[in-house]
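> this is a predicted model, with the sequence first.
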Amino acid sequence: MNTEITYAQSLDEQDELKSFREEFYISNDLIYFDGNSLGLLSKRAEKAVNTLMESWKKHAIDGWSEGAHPWFYLSENLGKMSADLIGARPEEVIVTGSTTTNLHQLVSSFFKPKGKKTKILADELNFPSDIYALKSQLQLKGLDPEDHLIQVKSKNGNTLETQDIIDAMTDEVALIVLPAVLYRSGQILDMERLTKEAHKRGILIGFDLCHSIGSIPHQLADWQVDFAFWCTYKHLNGGPGSVGGLYVNQKHFGTSPGLAGWFGSAKDKQFDMKHTLTQAEHAGAFQIGTPHVLSAAPLLGSLEMFQEAGIRRIRKKSLELTNYLMELIEVELADDGFKIVNPRDGQTRGAHIFLEHPEATRICKALKADSVIPDFRNPNGIRLAPVALYNTFEEVWQMVQILKRIMKEESYKKYENSRGVIA
Ligand SMILES: Cc1ncc(COP(=O)(O)O)c(C=O)c1O
Ligand SMILES: Nc1ccccc1C(=O)C[C@H](N)C(=O)O
């Protein structure tokens, strides 16, 4: 492989998406590879927040129906803007809640234990919040999570095998909840096949898209996935705590929300103020209360950028970036004890790479001291996410050189090998 910086520079020159970098607040003195934990602020997102602040300033209560983006329809409009990213129909998507609250809403709506079918199937590698939510949903139904939550095991601690998940789809399972992309190893699960197999057995299936939305294409409607939920602060660059999203397949329109609230109403009925809910005839039925308008606002700007860039072009560049990163690591850091544990092939590799190293904690500290932002995942993982919309091939090259120097000079030994509170 070509390890010269000029090669990286030539890749940047040919990059069709290169103009997007200028739209972000990104410093040339910092290599930010953590966009899969918190995406960067773009000027368009900032402008969108200012626009909605203006509507508040100018219209006060009438901002619900007036101004550039009337707040009453904002969640639906942002849902429509997100639909292409996940291959859904516009009315199947709503921007609302957070990952964890949306999961609670969807499980409370679609988990209906009956007869022998009383179990939820998940996996042992998912993000903890999802597992906490599933356990508490079981408890709310009077079911003991010890025997009603099945967590498919990983053979190697990093990835899952499709067949192992299918084998766990017994006739006791009512519902399956899995990540689309695993938060540590970045493995993409075969959503299409898993959905088909679940449906053959009369099981509903939903996916957590936190690490997949904005980084890989999906075809949720074609695959007939029952539901999905996600955050918008990672690849979608919505900002800290930005409003999440959910998808419900149209065949489930009309299902009563498990956690009902007046924003789930049909719009024309909401202000009738009746004590009987007339729910919206689309995914909007799964909203609960008043939308968090100011935390949804950045998405008006950031989703517009995804519409322009297109998820297929984003995926193509992302695969090229991670491929280049892995190849450089293998050549330049061959003797430094790093193990690449994410899947390699373009079918199952998400948008970040995951390295294991016994000294991972302090290597991350040394990287940060040298202006590279990775993230550390307990106990020995380093996640690196070069993001298609704003990172460059040259940054990948620079980062590997910095890491090479840290390993050669052993400068990581200046730090303690223990994690901080937020790692
Ligand atoms: C897969 C996954 N699920 C859930 C969460 C957290 O959910 P929430 O947005 O509710 O904090 C994260 C990250 O924060 C995540 O990566
Ligand atoms: N929401 C956060 C708040 C604080 C710090 C990190 C997060 C993350 O999103 C972590 C991410 N979900 C992960 O995949 O590790």
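Yep, it's here. As the structure is a computational prediction, the values presented were derived from the model and not from experiment. Ligands and ions are numbered 1, 2, ... in the order given.
> what's the mean pLDDT across the top strand by length along the chain?
Longest strand in the chain by number of residues (criterion: DSSP state E): strand 173-179. Here strand 173-179 scores 98 as its mean pLDDT.
> so the very next helix or strand once past that strand versus strand 173-179, what angle?
Of the helices and strands lying after strand 173-179 in sequence (DSSP states H and E), the nearest is helix 191-200. Angle, helix 191-200 to strand 173-179, by axes from the mean of the first three to the mean of the last three Cα atoms, to 10 degrees: 170 degrees.
> before we move on, the earlier item: contacts for the longest strand of the chain?
Outside of strand 173-179, the residues within contact range by Cβ atoms under 8 Å, 6 or more residues apart in numbering are 103, 107, 110-114, 117-123, 125-127, 130, 134, 150, 165, 169, 189, 194, 198, 201, 203-208, 210-212. Bear in mind the C-beta positions are built from the backbone N, C-alpha and C, glycine included.
> buried ones among those?
With neighbours counted by 16 or more other Cβ atoms under 10 Å, these contain buried members at 103, 107, 110-111, 113, 117-123, 125-127, 130, 134, 150, 165, 169, 189, 194, 198, 203-208, 210-212.
> inside helices: which ones of these?
103, 107, 110, 130, 134, 165, 194, 198 (DSSP state H).
> so residue 352 versus residue 111, what's the distance?
31 Å (Cβ to Cβ, to the nearest Å).
> OK, contacts around residue 162?
Counting by Cβ under 8 Å, 6+ apart, residue 162 touches 189-190, 193-194.
> tell me which element residue 389 falls in.
Under the criterion DSSP H and E, no helix or strand holds residue 389.
> residue 310 is in contact with that one, correct?
No: Residue 389 lies out of contact with residue 310 (Cβ atoms under 8 Å); the separation is 11.2 Å.
> the more surrounded of these two?
residue 389 (25 against 15; other Cβ atoms under 10 Å).
> what values do phi and psi take at that one?
Backbone torsions of residue 389, given as degrees, to the nearest 10, read phi -70, psi -20.
> what residues are up against it?
17, 20-21, 24, 237, 305, 309, 314.
> how is this structure divided into domains?
5-32+310-414, 47-308 (automatic domain parsing).
> how about the residues of this protein by ligand 2?
Residues of the chain lying near ligand 2 by Cβ under 6 Å from any ligand atom: 37, 127, 183, 210, 422.
> model confidence at the residue in the stretch 301-423 of the chain that ligand 2 sits nearest to, what's the number?
Closest approach of the stretch 301-423 of the chain to ligand 2 (Cβ to the nearest ligand atom) occurs at residue 422, with a separation of 5.4 Å. Residue 422 is assigned a pLDDT of 77 by the prediction.
> ok, it to residue 384 distance?
Distance from residue 422 to residue 384, counting by Cβ to Cβ: 18 Å.
> of these two, who's got more company?
residue 384 (28 against 7).
> before we move on, what SS does that one have?
With DSSP: H, G, I helix; E, B strand; the rest coil as the basis, residue 384 sits in strand.
> what is the burial count for residue 303?
By the criterion of other Cβ under 10 Å, residue 303 has 26 neighbours.
> of all the domains of the chain, which lies closest to residue 41?
Among the domains of the chain, the nearest to residue 41 by Cβ to Cβ is domain 5-32+310-414 (4.9 Å).
> now the closest one: mean pLDDT?
On average, domain 5-32+310-414 scores 97.
> swap in stretch 104-115?
Here the average pLDDT along stretch 104-115 is 98.
> what does stretch 286-298 give?
Stretch 286-298 comes out at a mean pLDDT of 98.
> residues touching residue 77, list them.
Shown in contact with residue 77 (Cβ under 8 Å, 6+ apart): residue 69.
> repeat that for residue 66.
Applying Cβ under 8 Å, 6+ apart, we find residue 66 in contact with 55, 59.
> how near is it to residue 273?
22 Å.
> can you check residue 32 too?
Per Cβ to Cβ, residue 32 is found 48 Å from residue 273.
> neighbour count winner among those two?
residue 32 (21 against 7).
> right, and that one touches residue 25 too?
No: using Cβ under 8 Å, residue 32 is not in contact with residue 25, being 10.2 Å away.
> what touches both of the two?
Residues touching both residue 32 and residue 25 by Cβ under 8 Å, 6+ apart: residue 40.
> and for residue 145, nearest residue in space, chain neighbours not counted?
residue 135 (4.0 Å; Cβ to Cβ, 6 or more residues apart in numbering).
> show me where this structure has strands.
Secondary structure of the chain (DSSP E): strands located at 31-32, 93-95, 119-123, 149-152, 173-179, 204-208, 227-230, 245-248, 339-340, 353-356, 372-373, 375-377, 381-384.
> and the contacts of the last one?
Identification of contacts with strand 381-384 by Cβ under 8 Å, 6+ apart yields 33-34, 36-37, 184, 186, 325, 341, 352-357, 360, 363-364, 374-377, 399.
> at 7 Å instead, please
Strand 381-384 has contacts (Cβ atoms under 7 Å, 6 or more residues apart in numbering) with 33, 36, 184, 325, 352-357, 360, 363-364, 374-377.
> among these, the buried ones, what's the PyMOL command?
In PyMOL, a selection of the buried entries from the contacts of strand 381-384 looks like this (16+ other Cβ under 10 Å):
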select buried, resi 33+36+184+325+352+353+354+355+356+357+360+363+364+374+375+376+377
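> and ligand 1, which of the contacts of strand 381-384 reach it?
Counting by Cβ under 6 Å from any ligand atom, no member of these is near ligand 1.
> burial count for the residue nearest to residue 111 when sequence neighbours are not counted?
Leaving aside its sequence neighbours, residue 111 sits nearest to residue 175 (Cβ to Cβ, 6+ apart; 4.7 Å). Counted with other Cβ under 10 Å, residues neighbouring residue 175 total 25.
> tell me the bridge partners for residue 175.
When bridges are called by DSSP bridges, residue 175 pairs up with residue 120, residue 204.
> likewise for the one 4 residues further on?
Taking DSSP bridges, one obtains residue 208 as the residues bridged to residue 179.
> out of the strands of the chain, which is closest to residue 62?
strand 93-95 (21.9 Å).
> and for residue 82, nearest residue in space, chain neighbours not counted?
With Cβ to Cβ, 6+ apart, the residue lying closest to residue 82 is residue 93, at 5.2 Å.
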